[in-house]
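Trainee: Here is my input, please return the structure:
(2 chains)
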Amino acid sequence: MSEIIKEVTQDGATTTVRLSGEIDMHQAPEFHKGLVKICAGDLKQLVLDLSEVRYIDSSGVGTLVEVFRRLKKKNQTLVLLSPGERVRSVLEITRLDKFFTVAESESEIPAA
Amino acid sequence: MSDEVCIRLRIASDPEALASVRIEVDRVAQSSGFAEDAIGQIMLAVDEALTNVIRHGYGGPCDKPIDVCISRVLSDADTGAGIRVTIRDFGKQVDPAKIVGRNLDDVRPGGLGVHIIRTVMDEVSYAPADGGGMQLDMFKRLSPHE
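Mentor: Numbers count the residues shown, from 1 in each chain, chains lettered A, B, ... in the order given. As a prediction, this is how the structure comes out:
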């Protein structure tokens, strides 16, 4: 695990990654490396639990976009779960709030 | 004429330093009376500006100086109360007219910093600095509702 990636669980075809902390230019490379490794696993859907992410900037958001594209190439999907106020704000400012699939709670996560 | 309370920092062009600046911006923005959502956005804009200096102004080295001045503007006849952040680096100089945000319809990583800065802050001004490098001045007005 890393400073940002706290837990990875798998439930059938869905892999859920619990993230925590602040994702900026300093943390982004390790965050990126960790997610790329997870994307290479056997999954149909990747859920990123953002409920404990206190801060994210465009470096972190850039990683989310790249992960989305990697998964899409393999017909896999990405869901952003429970983004907090600050994360949501960044997504809105960059107009990526409509780009990503966002679930406010686990019950809203689409079936894999 | 304005009445300002200012914190000055000198940091190294090391991404590890970004969190410490965010803490100071948070502190000044809180004491200025900004609402939580605005505080988060101001922190983001400053963070993006510093990231651009590290990445583009200096292009890599982690030991170059960046001067940051965070001011609580108590009153100003022209701009009103708010927060002003000035970032001064000693790296590459560029034509300010070329510092523009990119088309957001092209969804891809990177290139979002300038758009974020210009969206969040009410006034943004880039200028080549005497002696080399660039100076970025940003101001966000305190809303009457805050």
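
Trainee: drop to CA atoms for contacts and neighbour counts, all remaining ones
Mentor: Noted.

Trainee: State the pLDDT value of the closest residue to chain A within chain B.
Mentor: Nearest to chain A in chain B, going by Cα to the nearest Cα, is B:Pro109, at a distance of 4.0 Å. B:Pro109 carries a pLDDT score of 79 in this model.

Trainee: now B:Asp89
Mentor: So B:Asp89 comes in at 97 (pLDDT).

Trainee: Hmm, it is touching B:His56, no?
Mentor: No: using Cα atoms under 8 Å, B:Asp89 is not in contact with B:His56; the gap is 10.9 Å.

Trainee: ok, the two, which is more surrounded?
Mentor: B:Asp89 (25 against 12; other Cα atoms under 10 Å in any protein chain shown).

Trainee: For that one, what are phi and psi?
Mentor: Main-chain dihedrals, B:Asp89, degrees, to the nearest 10: phi -120, psi 170.

Trainee: hmm, the helix or strand harbouring A:Val87 touching chain B?
Mentor: Per DSSP states H and E, A:Val87 falls inside helix A:85-93. Yes: remark: helix A:85-93 sits within contact range of chain B at A:Glu85, A:Arg86, A:Ser89, A:Val90, A:Ile93, by Cα under 8 Å from any Cα of the partner chain.

Trainee: CA-only coordinates of that helix, as PDB, when you get a sec.
Mentor: Only the C-alpha atoms of helix A:85-93 are listed here, as PDB (Å, rounded to 0.1, in the frame of the first residue of the first chain):
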ATOM      1  CA  GLU A  85     -16.700  18.700  -1.200                       C
ATOM      2  CA  ARG A  86     -13.200  19.700  -2.200                       C
ATOM      3  CA  VAL A  87     -12.800  16.800  -4.700                       C
ATOM      4  CA  ARG A  88     -16.200  17.500  -6.100                       C
ATOM      5  CA  SER A  89     -15.300  21.200  -6.600                       C
ATOM      6  CA  VAL A  90     -12.200  20.300  -8.600                       C
ATOM      7  CA  LEU A  91     -14.200  18.000 -10.800                       C
ATOM      8  CA  GLU A  92     -16.800  20.800 -11.400                       C
ATOM      9  CA  ILE A  93     -14.200  23.500 -12.100                       C
END
